[in-house]
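K.L.:
Sharing a sequence plus its predicted fold:
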4 protein chains.
Amino acid sequence: MSGSVFGRQFRMSTWGESHGKAIGVVIDGCPAGLSLSENDIQKYLDRRKPGTSRFSTQRSEADRAEILSGLFEGRTTGTPISILIKNTDQHSGDYSDLAHVYRPGHADFGYDAKFGFRDYRGGGRSSGRETAARVAAGAVAAKVLLELGIHVQAYTSSIGPITISSFDPDEIDRNRLCMPDANAAEEAVRFLESCMADQDSAGGVITCVVTGLPAGIGEPVFDKLDASLAKAILSIGAIKGIEIGDGFAAAVSRGTENNDAFCSGPEGIKKKTNHAGGILGGISDGSELVFRAAVKPTPSVSAPQQTITSSGENTTLRIKGRHDPVIVPRAVVVVECMTAAVILDAMLCGMGSRMEYLKKIWL
Amino acid sequence: MSGSVFGRQFRMSTWGESHGKAIGVVIDGCPAGLSLSENDIQKYLDRRKPGTSRFSTQRSEADRAEILSGLFEGRTTGTPISILIKNTDQHSGDYSDLAHVYRPGHADFGYDAKFGFRDYRGGGRSSGRETAARVAAGAVAAKVLLELGIHVQAYTSSIGPITISSFDPDEIDRNRLCMPDANAAEEAVRFLESCMADQDSAGGVITCVVTGLPAGIGEPVFDKLDASLAKAILSIGAIKGIEIGDGFAAAVSRGTENNDAFCSGPEGIKKKTNHAGGILGGISDGSELVFRAAVKPTPSVSAPQQTITSSGENTTLRIKGRHDPVIVPRAVVVVECMTAAVILDAMLCGMGSRMEYLKKIWL
Amino acid sequence: MSGSVFGRQFRMSTWGESHGKAIGVVIDGCPAGLSLSENDIQKYLDRRKPGTSRFSTQRSEADRAEILSGLFEGRTTGTPISILIKNTDQHSGDYSDLAHVYRPGHADFGYDAKFGFRDYRGGGRSSGRETAARVAAGAVAAKVLLELGIHVQAYTSSIGPITISSFDPDEIDRNRLCMPDANAAEEAVRFLESCMADQDSAGGVITCVVTGLPAGIGEPVFDKLDASLAKAILSIGAIKGIEIGDGFAAAVSRGTENNDAFCSGPEGIKKKTNHAGGILGGISDGSELVFRAAVKPTPSVSAPQQTITSSGENTTLRIKGRHDPVIVPRAVVVVECMTAAVILDAMLCGMGSRMEYLKKIWL
Amino acid sequence: MSGSVFGRQFRMSTWGESHGKAIGVVIDGCPAGLSLSENDIQKYLDRRKPGTSRFSTQRSEADRAEILSGLFEGRTTGTPISILIKNTDQHSGDYSDLAHVYRPGHADFGYDAKFGFRDYRGGGRSSGRETAARVAAGAVAAKVLLELGIHVQAYTSSIGPITISSFDPDEIDRNRLCMPDANAAEEAVRFLESCMADQDSAGGVITCVVTGLPAGIGEPVFDKLDASLAKAILSIGAIKGIEIGDGFAAAVSRGTENNDAFCSGPEGIKKKTNHAGGILGGISDGSELVFRAAVKPTPSVSAPQQTITSSGENTTLRIKGRHDPVIVPRAVVVVECMTAAVILDAMLCGMGSRMEYLKKIWL
């Protein structure tokens, strides 16, 4: 058990259910001396907020991050940072009709199989709401990384069949779908409207890019940087796949195409291409780190669905209320935050990789 | 650091370099009372062996598993199982020309960046040879699972552009490419011959299927079963992507298509489809667990490649000797073994998930 | 880093400083299906409360445990249990004169050396207040253990030079010093009054006894039950030593005296004596588990003390305000709770120690 | 399970039974670039060797450390170091009479209770022989520490009732009992001779001192340096207690006596006394780290003992063969090695404790 703790040196423990009093996270292992305020975290939480978009839940999730420990005079003290986010919208009654039915595509059945029963209100612990706590922790990691010149940026690269065909970084925050291509975003909006009209939902793909990452981060063998990222990203509900660099496309390319040539020039060592996505042998190679994550369509659809009750009877389920027809845009910041947490953790773990590093700190 | 230890309750520590005296693994946490012999492990190691295939290294890797501890009178004692595999073919001289050059697509550059220098003989710790130790440990996990009625089977589903179009389980062990489709295997052989003629290499995709897995395995949030699998699989060198169930295809499907309907019948609870690949919310749902992994083309190609020396000078590299034009078939058993290790670990961790389970064991 | 997480399968993450908004703990890995209420935890917190005793701080620590997650309809769900305890008495101003001085016997100097600065208000993270969070987590562990017939009981066996000479279990809760000997308790009261008159403080010894523990709990080698207990107990501030069973007395006894003879009778297997304290080779032997912990005298004394400022100047410190002349009685419940956490964790980890146990749960 | 892995960043996995083919250890997380040879390890193993002393087993344990991985051109590569020690003296037959009887003071009963059966040959995994593997790993840690100016030294401070009354560091290696007081050593020899004449055995106390340790090592709360040491030391078989600094004596002293005054002088910051043993609040304070460990008398005595068989029948046991009348001298180097491992691990974990440290390494 104890599956709600993540990381080795930068460790986060998240807690909370969709319809409990609050959710939150305890971060243990944040270096001392980082300037940090609730606002640093709030900016990330706000990016996860559904807001006014037609494609996000209307539930007024005015998530406010409250830092309860680990700060003194505006700086981290090196001791645990506890962040609390109150649940302001807990109408348990709304969900009572889901108490005895297993929603297709949701965790309901597995939780009952594992624990014998479950908190069925809004998905309980399996709700996407849990990711707000990760975002809070990742915001802290991202701030540490920024001080080291490392920047993590994720964006929506496709919604259903609509894929971006241009890249304007400023556009990412401008449209509600977090797509760096305004035309694709418009087209995706139309696609999502048709999904909603059909009482249906859509998935998509998120791309994440890390710039400024030095070479040499990650461990050989099991704790490879890409392996750790894969775990972090697939631990986000609804994500069903990850590929590093060219990923599945590499499987159909040839060695001479897929190998990235090293070359040396006035700006130092570079790779001519980056099919590897910035990781070789599990260790960063100094290029941009690039990966893509597949997000499944929102399982909560309005259309009637065949399923069973907890006592094993066949039934037809009609999920009431409004649900996001797509969760990709809200997952973008979650991907970013998990990535930041993994990279910081890897950097902390790598500080003892050479005798000379020990001497730099301890002599 | 300490990236060579895997698992929480079923824990393996692998060690060894391509051209050192030996490689091996220490397994801590194998339940006591399992019948086990060196032959159980040897069978798995033999499947990883290049053998007589034209597409595998001619190096005579007669890997022999030697169990040094943890067994008594043919059964596991519950204490660490140390398995040693001697390196019988260590011609370090063959590799001296790689001492000061970074091979494209290999870990050389990252290791130097991380550790300041590296054992360059045959890739040292980053060699695919390291996976033999994992296979030894996974063979033990697989034997435990078999006693619980759980069977893990991986196979090659594509080599370069050649994809299987039929499925005959008996065929997997019959052809050297581990493809369950004899026609596709023949076609893949011709494709690989053309790659070799071009001094080039190919990648492919491995599919893994777990049958007999009960519902309820895996943890909520970070230690989801798919997340743990993703880490395990991407920790295998050359693997660049993973998808659970429909994976990236789910990203372009709609919710009503992608959701698997539960239904109840004479054989109990079933899902009508299995787009989810047997995992919902990170917990097994009682269906077959299915995932696919993308393997990049072998980075060691005979064609000349542009690269740099460790002192930063541009150079052209010609890798001598014979290298596998594809590593997919040898990676099949590695995928199987890592999967077995992850599932057993998850089952051991899940034994305390209910008060009633504690009472079953301790009262 | 990340020193505020404890346990492997029953895992607690504590957080909070003496004068922050709150302190708390997140428990991950509590089995599902345990009846639990805030009152179960409150009972333990109240035992840690200074109350009306003359020998405890007058600060009104009306610690109220608030459970924020992990419960549904009165039972644990198997997901993280977050417990919050608000700090109601945070007069930071009282401590400003300690900002630039290192209190002897306190952690001030080490924290500055480690982190570069510290939250000096009331000891910040190093305050004894941190133990309230452990007590909350341990109360949950103790409740699980009770359902398995295991009872953990600690008491004060000495205060300064005053040692108990009789044992009445009912007396432990009756006197404020938690001594099972009313006469010794009275004598200890007089001793503490003389300490206070001298502007001085006292230490003592806590004994802890676990009954009902089955044989076979604990791991060979590093995770021995006594080793894990030792870590847990010495992680409580002010505890400077632990001995299992006869402990240091065993070092002066002979083998024939110290060995506990096994014997078999109508009630089953027993040991004639229990010099080992219920643990042999790191594994419980079915006898009572017994250990003792040494608590140093409260470092905050009113008498003037020589010390230095953070800029390295010699100075004389006079600690103002009332401080407990002894912390032993308040530490009794902390010892009990850490013990419960260690034992439950060991039991959860031990559930996979035999193939037959796996079959009991998973077949 | 998995109790044979120790450490977080400097991690050792030991394996092997008394009468198996070999024992050994895999070290993961040793920094790259350390000069290391088998001889560095052999020196420590030789100190554990019984040799010619009358008070140690005559079994010819010519333990030879063989390094199988992790070294290249005489330096550590940062990848796992596998060390193998062959068992040269495995007369399993000698122990067959112990197959069905539980030796008092040994782990036999607990192992059967936990695992259902055990390797009874010479204690199997619970044999003191297991400590040779720890010594091999600790020797590596000690060499890293030496390069950082940190020296770990343990010695025998008492054997049974004989306690040292003077301290000559050169004497420690001169006498077979590792006592820094030649007179006490002579007296202890006579005492041990009387024990042997009585078919009995003795215990003793080991003191360990660490010099050169910087202030600021260790973590707040659970991973306190003294807590981690306590776990490491109590994980050594036969050790029944530990005290840091004054330990149990602190429990009877007063605050004004026990507090160590800080003072500033020409040589920088010092403490006038060191009752705390160099650790305050779990973090090193720059003074010598000092602790003492209680070793129980050897449980294998020649005198007849009452016990039971594995089928629960009362019997009288006569342990044949020669056994050490005291294990204290052989445990001295084990204590030293575990201490080195704990301190190095704490230093590696502490490298990320400040933002400025991250910038020193990664900018």
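P.N.:
Arrived safely, thanks for sending.

K.L.:
Would you mind listing what in chain A touches chain D?
P.N.:
Those residues of chain A that sit near chain D, judged by CB under 8 Å from any CB of the partner chain, are A:8-10, A:29, A:31-34, A:78-79, A:144, A:147-149, A:214, A:220-221, A:347-349, A:351-363. All C-beta spots, glycine's among them, are computed from the backbone N, C-alpha and C.

K.L.:
which of the residues you listed come close to chain B?
P.N.:
Restricting the residues of chain A next to chain D to contacts with chain B (CB under 8 Å from any CB) yields A:214, A:220-221, A:349, A:352-354, A:356.

K.L.:
what inclination does the longest helix belonging to chain A have with respect to helix D:328-349?
P.N.:
Assignment by DSSP state H gives helix A:328-349 as the longest helix of chain A. Inter-element angle recorded for helix A:328-349 and helix D:328-349: 130 degrees (by axes from the mean of the first three to the mean of the last three CA atoms, to 10 degrees).

K.L.:
Name the next helix or strand downstream of helix A:328-349, please.
P.N.:
Next in sequence after helix A:328-349, counting helices and strands by DSSP states H and E, comes helix A:355-362.

K.L.:
Show me the helices in the stretch 101-250 of chain A, by range?
P.N.:
A:108-115, A:131-147, A:182-197, A:225-234 (DSSP state H, counting those that start in this stretch).

K.L.:
any idea which of these is most buried?
P.N.:
Mean neighbour count (mean count of other CB atoms under 10 Å in any protein chain shown) peaks for helix A:225-234 among the helices of the stretch 101-250 of chain A, with a mean of 28.

K.L.:
contacts for that helix?
P.N.:
Residues outside helix A:225-234 that contact it (CB atoms under 8 Å, 6 or more residues apart in numbering or on different chains): A:6, A:217-219, A:239-242, A:244, A:277, A:279, A:282-284, A:289, A:291, A:293, A:335, A:338-339, A:341-343, A:345-346, B:222, B:224, B:226-235, B:240, B:242, B:244.

K.L.:
Show me just the buried residues among those residues.
P.N.:
Buried subset of the contacts of helix A:225-234 (neighbour count, 16 or more other CB atoms under 10 Å in any protein chain shown): A:6, A:217-219, A:239-242, A:244, A:277, A:279, A:282-284, A:289, A:291, A:293, A:335, A:338-339, A:341-343, A:345-346, B:222, B:224, B:226-235, B:240, B:242, B:244.

K.L.:
Look at residue A:97 and give its secondary structure.
P.N.:
helix (DSSP: H, G, I helix; E, B strand; the rest coil).

K.L.:
Look up phi and psi at the nearest residue in space to it that is not next to it in sequence.
P.N.:
Distances taken as CB to CB, 6 or more residues apart in numbering or on different chains place residue A:320 nearest to residue A:97, at 7.5 Å, with adjacent residues excluded. Backbone torsions of residue A:320, given as degrees, to the nearest 10, read phi -90, psi 170.

K.L.:
for chain A, what are the low-confidence residue spans?
P.N.:
For chain A, the stretches with pLDDT under 70 are A:1, A:50-61, A:89-94.

K.L.:
what's residue A:85 sitting at in phi/psi?
P.N.:
Residue A:85 adopts backbone torsions of phi -130, psi 110, taken as degrees, to the nearest 10.

K.L.:
make that residue A:294, sorry
P.N.:
phi -90, psi 130.

K.L.:
Who does it form a beta bridge with?
P.N.:
Counting by DSSP bridges, residue A:294 is bridged to residue A:205, residue A:241.

K.L.:
Pull the number of nearby residues for it.
P.N.:
Using other CB atoms under 10 Å in any protein chain shown, residue A:294 has 28 neighbouring residues.

K.L.:
For residue A:172, give its distance to residue B:295.
P.N.:
32 Å (CB to CB, to the nearest Å).

K.L.:
between the two, who's got more neighbours?
P.N.:
In this view residue A:172 and residue B:295 are compared by other CB under 10 Å, and residue B:295 has more residues nearby, 30 against 19.

K.L.:
Count the neighbours of residue A:38 for me.
P.N.:
Using other CB under 10 Å: residue A:38 sits among 15 other residues.

K.L.:
Now list the buried members of the residues of chain A next to chain D.
P.N.:
Among those, those classed as buried by 16+ other CB under 10 Å are A:8-10, A:29, A:31-34, A:78-79, A:144, A:147-148, A:214, A:220-221, A:347-349, A:351-355, A:357-358, A:361-362.
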